[in-house]
Every structure is written in C-alpha cells, then in structure tokens.
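> could you work out the structure for the sequence below:
(one chain, ligands or ions: 1)
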Amino acid sequence: WDDKETKVWLDGKFVEWKDANISLLSHVVHYGTSVFEGIRAYSNENGVAVYRLEEHVQRLFDSAKIYKMDIPFTQEEIAEAILETLRVNDLGGCYIRPIVFRGYGELGVNPLGCPVNVAIAAWEWGSYLGEEGMANGVDIGVSSWRKPAPDTFPTLAKCGANYMNSQLAKLEALDNGFDEAIMLDYEGHVSEGSGENIFLVEGDKLYTPAMSSSNLKGITRDSVMTIARDLGYEVIEETISRERLYIADEVFFTGTAAEVTPIRSIDHRTIGIGRRGPVSEKLQTAFFDIVEAKVEDKYGWLTYI
Ligand code: PMP
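Numbers count the residues shown, from 1 in each chain. Now for the predicted structure:
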C-alpha cells in the first residue's frame with residue numbers, strides 16, 4: 001500500500017498516498033470518531049461513472065450531522081472533489097472512500113476540541129465476496145453478535161465505530177468457515193450483513209428487513225427495490241424472523257461493495273437450489289446492465305466524470 005501511486009484528496013488538496021497521514025493522537029484513532037461512505041465508479045463505453053453520487057454525499061452529511069461534525073465543505077464541493085479524485089488519478093472502475101474524522105486536538109472523549117478533517121481515497125477493487133460468489137452464491141452464518149439497540153448506536157449514521165460491531169460478526173463468520181455473517185437485531189429479528197443489506201425471495205415476492213433502527217439505509221437496497229418493482233415484483237419491507245432465511249426460495253445481499261451477491265447456504269442449510277437463483281440473477285443482471293450502460297440510465301443514477 002505504501003507504494004500506491006494514487007493521490008488522496010485531504011482537506012481540499014491532493015497529496016501522495018504515502019503522505020496522506022494523520023497524528024497517532026487524533027481523536028479518531030482513540031475513539032473511532034469518523035463517518036464515511038463507500039461508493040463505486042464503473043467504467044463503461046460512455047466513460048467512467050460514479051454510481052448514485054448525490055445519495056452517498058447526502059448520507060455522508062447526514063451521518064456527520066448526527067455526530068455534530070460540521071464538514072467544512074459543501075455537499076457540492078465534496079461531490080466535485082470525488083469526481084476530481086478519479087480524474088487526477090486516471091481511475092476507471094474503482095471503489096471510493098470519503099471519510100470525515102475528528103483529527104488532532106484535545107484528547108478526551110469530548111470531541112469538540114478537535115478539527116473535522118475530510119479525506120477521499122480511491123482504488124481499484126473487484127467483487128467484495130469474490131467473482132465465484134457472484135456467480136454461484138456465498139455461504140453465510142447467523143452471528144451470535146447482535147446489532148446494537150436503537151438507543152445505543154444510531155445506525156442511520158455510517159460511522160467508523162459501528163464497524164467494531166460488524167467486525168466481531170465478520171471474524172466469527174470467518175472462524176466458522178463462512179464467507180460472511182448475517183446479524184440479528186436487538187430483538188432477534190434479521191437485520192443485515194456485516195456490510196450488506198439482505199433480501200429474501202418467497203414465491204414472486206421480495207422481502208427485506210424494514211428500516212428498524214438496526215440496519216443501514218443502503219443505497220443499493222434502494223436501487224434493488226426500485227429495479228425489482230419496475231420488473232413487476234412486489235417488494236415488502238417488514239420484520240423478518242431468522243428461520244424464514246432457511247426456507248426462502250432465494251436470499252441475496254446488496255451493498256456498494258457486495259453489489260448483488262447471491263447466498264447459497266445459511267447456517268449449513270442449502271437455500272433454494274443451492275446456487276444463484278433465477279430472481280437473484282435477474283436483479284443482478286438488471287443492476288449491472290445499468291452500471292455497464294447496456295441499458296438507458298433511466299433513474300439518473302450515473303454521474304460521468
Ligand atoms: N449495511 C452495512 C452495515 C454496510 O456497511 C453497508 C455498506 N455501506 C450496507 C448495509 C449497504 O449499503 P450501501 O448499499 O449503501 O452500500
């Protein structure tokens with residue numbers, strides 16, 4: 001990583017990747033004081049396009065507002081800085097990580113004595129759960145770690161510290177030989193993966209956990225709901241019990257990193273046909289047709305750099 005030739009946007013200026021450093025005594029290092037986004041850009045025959053840029057920037061600002069972090073740039077400036085990061089680095093399809101954090105100042109739990117810094121980095125990144133997983137499905141397990149209750153960590157904020165909880169679930173999943181974890185909420189209902197939302201297919205209907213203060217309001221979740229409804233599927237957001245996962249016809253993850261990843265087994269129970277099911281494949285294809293510009297971008301989801 002040291003020798004990456006990419007430049008990082010840091011507080012309004014581009015610096016070399018190796019020089020994009022902060023103090024060890026920054027607030028974020030000690031208390032996890034960051035909010036961030038994960039965004040993808042896709043290269044297609046029309047150029048390089050950032051996917052749902054405006055919605056990601058909005059969520060970044062919403063996350064910051066929850067934690068009283070005043071971002072010293074406007075949403076338009078951050079959106080432009082993201083596009084500029086791809087131009088400066090001549091990147092094609094890539095993953096983009098804007099992060100807002102409390103930097104170096106007074107070290108104590110009170111964050112107000114520390115500046116709000118902003119960085120944007122981007123790099124090439126393939127399928128999050130592997131190419132093979134995209135085609136054949138991944139194996140997942142329900143974690144013994146739950147999502148925090150709504151009056152503990154606000155999950156509409158995509159903040160760094162939330163991912164300590166996600167990491168416990170991910171580590172446990174890997175220890176148990178799974179590709180990824182699915183977490184239950186504080187009441188024991190299905191919530192989401194360590195970095196993905198989840199959908200079930202039951203007959204000709206799609207189900208996803210309602211926004212119940214335990215899951216992230218995923219932008220890919222929204223895309224897939226829009227695409228599915230357009231294809232004629234009914235999509236229902238509701239409370240989902242764990243055992244419905246086992247008997248669903250199909251289950252799949254959605255996320256910026258994971259895109260649309262089919263799930264072939266859960267807790268060692270085969271799901272449906274034991275590989276990517278027809279509805280998952282249809283939605284996956286429809287998703288990639290948009291980002292790869294094989295069809296018209298009728299929802300206006302692509303911002304070309
Ligand atoms: N849940 C969690 C916990 C996540 O980290 C992510 C990835 N950002 C998602 C869901 C999916 O959200 P999105 O589709 O906006 O990437």
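> only C-alpha atoms from now on, for both contacts and neighbour counts.
Fine.
> and the nearest residue to residue 40 once chain neighbours are set aside, its phi and psi?
Excluding its sequence neighbours, the residue lying closest to residue 40 (Cα to Cα, 6 or more residues apart in numbering) is residue 95, at 4.5 Å. Main-chain torsions, residue 95, degrees, to the nearest 10: phi -110, psi 140.
> wait, what's in contact with residue 95?
By Cα atoms under 8 Å, 6 or more residues apart in numbering, the contact list for residue 95 reads 38, 39, 40, 41, 122, 123, 124, 125, 257.
> among these, show me the least confident.
By pLDDT, residue 125 ranks lowest within the contacts of residue 95, coming in at 85.
> packing partners of the strand or helix carrying residue 227?
Residue 227 belongs to helix 219-230 when assigned by DSSP states H and E. Here helix 219-230 touches strand 234-238, strand 250-255, helix 278-291, going by 3 or more Cα pairs under 8 Å, 6 or more residues apart in numbering; DSSP states H and E.
> related to what we said a few turns ago, of the contacts of residue 95, buried ones?
38, 39, 40, 41, 122, 123, 257 (16 or more other Cα atoms under 10 Å).
> possible to save those as a markdown table with secondary structure?
What follows is those, written out as a markdown table (DSSP: H, G, I helix; E, B strand; the rest coil):
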| residue | secondary structure |
| --- | --- |
| 38 | coil |
| 39 | strand |
| 40 | strand |
| 41 | strand |
| 122 | strand |
| 123 | strand |
| 257 | coil |
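> find the nearest non-adjacent residue to residue 254, please.
Nearest to residue 254 is residue 260, by Cα to Cα, 6+ apart, at 4.7 Å.
> verify the stated contact: the one you found with residue 136.
No: using Cα atoms under 8 Å as the test, residue 260 is too far from residue 136 to be in contact (11.9 Å).
> just the buried positions in the helix or strand of the chain with the lowest mean pLDDT, please.
Lowest on mean pLDDT, DSSP states H and E among the helices and strands of the chain sits helix 131-136, with a mean of 89. Buried residues in helix 131-136, counted by 16+ other Cα under 10 Å: 133, 134, 136.
> and the closest residue to residue 290 other than its chain neighbours, how far from residue 179?
Once flanking residues are discounted, residue 290 sits nearest to residue 297: 5.9 Å by Cα to Cα, 6+ apart. Separation of residue 297 from residue 179 (Cα to Cα, to the nearest Å): 32 Å.
> ok, residue 233 - how many residues close by?
For residue 233, the count of nearby residues is 17 (other Cα atoms under 10 Å).
> check the spacing between it and residue 246 real quick.
Relative to residue 246, residue 233 is positioned 21 Å away (Cα to Cα).
> with residue 133 instead?
Per Cα to Cα, residue 133 is found 19 Å from residue 246.
> what do you get for residue 207?
From residue 207 over to residue 246 (counting by Cα to Cα), the distance is 14 Å.
> my read: residue 124 touches residue 94, true?
Yes: between residue 124 and residue 94 there is a contact under Cα under 8 Å: 4.3 Å.
> what does the stretch 151-300 of the chain have sitting close to the ligand?
By the rule Cα under 6 Å from any ligand atom, the part of the stretch 151-300 of the chain lying against the ligand is 194, 195, 196, 197, 216, 218, 219, 220, 221, 254, 255, 256.
> which residues touch the first one?
So the one you mean is residue 194. When contacts are counted by Cα under 8 Å, 6+ apart, residue 194 touches 163, 166, 167, 169, 170, 180, 181, 182, 183.
> give me that answer again for 7 Å
Taking Cα atoms under 7 Å, 6 or more residues apart in numbering, we find residue 194 in contact with 166, 169, 170, 181, 182.
> hang on, the earlier thing: neighbour count winner among residue 297 and residue 179?
Ranked by neighbour count (other Cα under 10 Å), residue 297 and residue 179 place residue 179 first, with 18 against 13.
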